[in-house]
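Q: pasted the sequence and its predicted model underneath.
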Amino acid sequence: MPFHLPHDGSGKRRSGPRETVALLAGLMALNAFAIDAMIPALPDIGLELGVATENRRQLVVVAYFLGFGVGQIFWGPMADRFGRKPILAAGVALYAAFALLCGIAGSFELLIAGRVAMGASAAVTRVLVTAMVRDLFEGEEMARIMSLVFMVFMLVPMLAPNIGQAILWIADWRAIFLVLAGYGAAMWLWSFLKLPETLHPEFRRALNGAEIWQGVRLAATDRLSIGYTMALTAVFGGLTAYISSIQQIVFDVFDSGQLIGLIFAAIAGPMAVASWGNSRVVGRFGLRRTGHAGLIAFVVVAITHALVAEFTIEPLWLFVLLMELMFVSFAFTTSNFGTLAMTNMAPIAGTASSFQGVTGTIGGALLGLTIGQAFDGTQLPFLIGCAMCGSVALILVLWTERGRLFAAIGKPEEEEELVEETCPPDLG
């Protein structure tokens, strides 16, 4: 199904649909580059800044996640008040500035502080890309665009560690931050020139505690919003556990550390293709049918994989194959659930995106950390954790849909009743 972008205030079209998808994906990719490009540089950072303990070096990554999780709560309310475009420009500019700060940091403590601030600045992309897609599109079309954005975004982790390693061949670790700053500056210019302001004037909200609390309360009490946000949180727990555990599994369980890059790409690649596939099928089968089927497949594959690991000596090729199937299923779940969570949130898209993003990021990180800490030299704790996350998500979806799965969006009478029950009159 073709989609169209609105005209800006001058009546001129600012960018075509393909360019807009690429731009939004490029903004989201700021985060993946900032996280994954650092991994090859951690030993060099520790050596130069006097950090001998390997676990302490991991703060370079963890600090970014912390800032990214907490920062999301601030950008949405400001975007609902002042508009998407100026807030996006401010956040991306700060991202570039703090990347420069990290590049010149003379101490590990300053580097960590810069990474927290860098993550908090980059959180603007997570919040506003979702809010802007919600401003521009609805229903299956919104899910299709989010799938395309997510597809491009998923290709970045396959490239970022290699890009970081390539930079280290010709320069030191500080150059990676300079490249990140340059990328941030380029995205700032591209978005400033091409993205229109997408916030509808009637949806502007005052920037005060009462208004923000009203928006958060609506996002937290709307059945679709909170139900699918919590389901996404559980599923993202499995993804975070994967990111936390995959290196130990490949190195310690399968003794194949030299293949870590290839294995990471082999699992991420099909997930990116599946995101593209979701963009093609969601218009035909609907958000619920596609998303619910993806979640059920995720649970079935995760449980099957755990049983295989428990009762057989699993070879590496089978581990990779089952992980590919699990995360292909994941790809048919996330963008559709994210769209469903935003269904009734158009009047407060920025605040709702902040609330949902903070909940999903921090909650998923805590779940993933818990699963990762259970590593015992085998892949079994990770697989059991993924199966449990998927099962909890399925229970939450059943609660959200009052026991009904696979309904076409907008068809159940309950959804109309839900809108009337949860949306105050002035918000529709």
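A: Great, that's in hand.

Q: low-confidence bits of the stretch 301-428 of the chain, can you list those?
A: Residue ranges of the stretch 301-428 of the chain with pLDDT under 70: 349-350, 408-428.

Q: what are the structural domain limits within this structure?
A: Following automatic domain parsing, one gets these domains for the chain: 15-197, 221-422.

Q: ok, the most centrally placed residue in the chain - contacts?
A: With distances taken as Cα atoms, centre = their mean, residue 126 lies nearest the centre of the chain, 6.8 Å away. By Cβ atoms under 8 Å, 6 or more residues apart in numbering, the contact list for residue 126 reads 28, 31, 68, 72, 353, 357, 361. For glycine as for every other residue, the C-beta is placed from the backbone atoms N, C-alpha and C.

Q: farthest pair in those residues?
A: Farthest-apart pair in those is 31 and 353; separation 14.8 Å (Cβ to Cβ).

Q: who has more neighbours out of those two?
A: residue 353 (29 against 21; other Cβ atoms under 10 Å).

Q: so what does the more buried one look like in phi/psi?
A: phi -60, psi -40 (degrees, to the nearest 10).

Q: same deal with residue 256?
A: Dihedral angles for residue 256 - degrees, to the nearest 10 - are phi -130, psi 50.

Q: could you give the number of residues near residue 280?
A: Neighbour count of residue 280, defined by other Cβ under 10 Å: 12.

Q: from here on, count from 44
A: Okay, residue one is now 44; in that scheme the one you just asked about reads as residue 323.

Q: quick check: the gap between it and residue 333.
A: From residue 323 over to residue 333 the distance is 10 Å, taken as Cβ to Cβ, to the nearest Å.

Q: do the same with residue 436
A: Separation of residue 436 from residue 333 (Cβ to Cβ): 15 Å.

Q: what do you get for residue 239?
A: 29 Å.

Q: so between the two, which is more surrounded?
A: More crowded of residue 239 and residue 333, by other Cβ under 10 Å: residue 333, with 24 against 21.

Q: and the strand or helix carrying the more buried one, which residues are buried?
A: For residue 333, the element it lies in under DSSP states H and E is helix 330-354. For helix 330-354, the neighbour count (16 or more other Cβ atoms under 10 Å) marks 330-342, 344-346, 348-349, 351-352 as buried.

Q: give me the contacts around stretch 205-220.
A: Counting contacts by Cβ under 8 Å, 6+ apart, the residues touching stretch 205-220 from outside are 76, 79-84, 87-88, 91, 142-143, 145-147, 222, 304.

Q: and that stretch, how far apart are its ends?
A: 15 Å (Cα to Cα, to the nearest Å).

Q: same thing with stretch 281-301?
A: 24 Å.

Q: and residue 325, how far from residue 337?
A: The value you get for residue 325 to residue 337, if Cβ to Cβ is used, is 10 Å.

Q: between the two, which contacts overlap?
A: Residues touching both residue 325 and residue 337 (Cβ under 8 Å, 6+ apart) are residue 379.

Q: need the nearest residue in space to residue 151, chain neighbours excluded.
A: Using Cβ to Cβ, 6 or more residues apart in numbering and skipping the chain neighbours, the partner closest in space to residue 151 is residue 92 (4.2 Å).

Q: surely that neighbour and residue 153 touch.
A: No. Between residue 92 and residue 153 there is no contact under Cβ atoms under 8 Å: 9.2 Å.

Q: comparing those two, which residue is more hemmed in?
A: The neighbour count for residue 92 versus residue 153, taken as other Cβ under 10 Å, is higher for residue 92 (18 against 14).

Q: for that one, what are its contacts?
A: Per Cβ under 8 Å, 6+ apart, neighbours of residue 92: 148, 150, 151, 154.

Q: rerun that using 10 Å as the cut-off
A: With contacts defined as Cβ atoms under 10 Å, 6 or more residues apart in numbering, residue 92 is in contact with 100, 103, 148, 149, 150, 151, 152, 153, 154, 155, 216.

Q: can you tell me how far residue 308 sits from residue 363?
A: 11 Å.

Q: circling back to that earlier point, and the residue nearest to residue 151, its phi and psi?
A: Residue 92 adopts backbone torsions of phi -100, psi 10, taken as degrees, to the nearest 10.

Q: so what's the residue count around the closest residue to residue 294 other than its chain neighbours?
A: On the basis of Cβ to Cβ, 6+ apart, the spatially nearest residue to residue 294 that is not a chain neighbour turns out to be residue 300, at 4.3 Å. Residue 300 is flanked by 11 other residues according to other Cβ under 10 Å.
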